[in-house]
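> Got a sequence here, can you model it:
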Amino acid sequence: MPTPMAPPRRRVGPATRCGNANEGGVFAPIVRIARDAIGVKRFNQIRGKAISLHSQVIGDFCEEFGVDSKAKQTLIRTAKKNGGLLGFLA
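Model prediction:
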């Protein structure tokens, strides 16, 4: 005779949410309008390219001034956090 299955366990704590937690940033309305105007796929391509270029600028800055890789990654994380707060990641 098969053993009865236990009921699924409930998560305790905040639920994981995809997307940006700060969708109310100053630039969020502009970002949403642009995304709707050009389409999500093209918008994500452009946003990915912009993020890549920004990370490259940060990398070039760090290389120019001899900043170590750990500090470089901290700068990139800070840029992402600030972009979210401003609504660029809406």
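> Quick check: the gap between Ala50 and Val40.
15 Å (Cβ to Cβ, to the nearest Å). Placement of C-beta: from N, CA and C, glycine included.
> between the two, which one's more packed in?
Ala50 (12 against 9; other Cβ atoms under 10 Å).
> can you give me the helices in the protein?
28-38, 40-65, 69-86 (DSSP state H).
> got those helices as JSON lines, with mean pLDDT and distance to Arg9 columns?
Listed next are those as JSON lines, based on pLDDT from 0 to 100; distance: least, Cβ to Cβ, whole Å:
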{"stretch": "helix 28-38", "mean pLDDT": "94", "distance to Arg9": "36"}
{"stretch": "helix 40-65", "mean pLDDT": "93", "distance to Arg9": "35"}
{"stretch": "helix 69-86", "mean pLDDT": "92", "distance to Arg9": "31"}
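> closest to Met5 out of those?
Taking Cβ to Cβ, helix 40-65 is the member of the helices of the chain nearest to Met5, at 39.1 Å.
> now the closest one against helix 28-38, angle please.
Using axes from the mean of the first three to the mean of the last three Cα atoms, to 10 degrees, the inter-axis angle of helix 40-65 relative to helix 28-38 is 130 degrees.
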